[in-house]
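**Q** Sequence and predicted structure are below.
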Amino acid sequence: MNEGQVERTLDRLAHEIIERNRGVDKLVIVGIRTTGATLAHRVAERINSIEKSSIRSIDLDVTPFRDDHPYQLVESGLPDLTGKAVLLVDDVLFTGRTARAALDAVVRSGRPASIQLLVLIDRGHREYPIQPDYVGRVMPTKHKERVEVDSNASIVDIVE
């Protein structure tokens, strides 16, 4: 995906989010570090432009919540999310492990009304039963391939 394709995809996703949530009054956008957080900021900007709102995205480090990280009881660093519509944002969905870790962090921060997942790229190969609510593009890949999203979340490429 080139920069123009990414821009059009983000515009479409912003409109889908607004429509599905019937506005943005209770919406909280949480971006999974690092590229997911960049993407979340860009989605928030688009939503604010459309809705004339002032939503800000929150960055989330999921490292302490991963199943391959030594278990510790840690705070998520998120505000109280009780009653909120939480939108988790990540660049690429592959096995589902990062999304599962983000879910753990979110539920430690209250009881949201809903948790939704937005990914720019869904490449399949799940190890967990995670299904995104919003998908920029489905890119079937081989296991040994990688999908790279640049640090500005503006160019996507498959590399072997």
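**A** Good, I have the coordinates.

**Q** Show me the shaky parts of the chain.
**A** Filtered on pLDDT under 70, the chain yields the residue ranges 71-72.

**Q** 80 instead, please
**A** Across the chain, the ranges flagged by pLDDT under 80 are 69-74, 160.

**Q** quick one: the helices in it?
**A** 3-20, 35-51, 97-107 (DSSP state H).

**Q** Would you format those as a markdown table with mean neighbour count and distance to residue 134 included?
**A** In short, each C-beta sits where N, CA and C put it, glycine included. Shown next, in a markdown table, are the helices of the chain (neighbours: other CB atoms under 10 Å; distance: least, CB to CB, whole Å):
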| stretch | mean neighbour count | distance to residue 134 |
| --- | --- | --- |
| helix 3-20 | 16 | 5 |
| helix 35-51 | 20 | 9 |
| helix 97-107 | 20 | 13 |
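
**Q** Which among the ones you listed is found nearest to residue 140?
**A** helix 3-20 (17.1 Å; CB to CB).

**Q** C-alpha coordinates for the closest one, PDB please?
**A** Presented in PDB, the C-alpha positions along helix 3-20 are these (Å, rounded to 0.1, in the frame of the first residue of the first chain):
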ATOM      1  CA  GLU A   3       0.800   6.600   1.100                       C
ATOM      2  CA  GLY A   4      -2.300   7.600  -0.900                       C
ATOM      3  CA  GLN A   5      -3.900   4.100  -0.400                       C
ATOM      4  CA  VAL A   6      -3.200   4.300   3.300                       C
ATOM      5  CA  GLU A   7      -4.700   7.800   3.500                       C
ATOM      6  CA  ARG A   8      -7.900   6.700   1.800                       C
ATOM      7  CA  THR A   9      -8.100   3.600   4.000                       C
ATOM      8  CA  LEU A  10      -7.800   5.700   7.200                       C
ATOM      9  CA  ASP A  11     -10.600   8.000   5.900                       C
ATOM     10  CA  ARG A  12     -12.900   5.000   5.300                       C
ATOM     11  CA  LEU A  13     -12.100   3.500   8.700                       C
ATOM     12  CA  ALA A  14     -12.800   6.800  10.500                       C
ATOM     13  CA  HIS A  15     -16.300   7.000   8.900                       C
ATOM     14  CA  GLU A  16     -17.000   3.300   9.800                       C
ATOM     15  CA  ILE A  17     -16.000   4.000  13.400                       C
ATOM     16  CA  ILE A  18     -18.300   7.000  13.700                       C
ATOM     17  CA  GLU A  19     -21.200   5.200  12.100                       C
ATOM     18  CA  ARG A  20     -20.800   2.000  14.200                       C
END
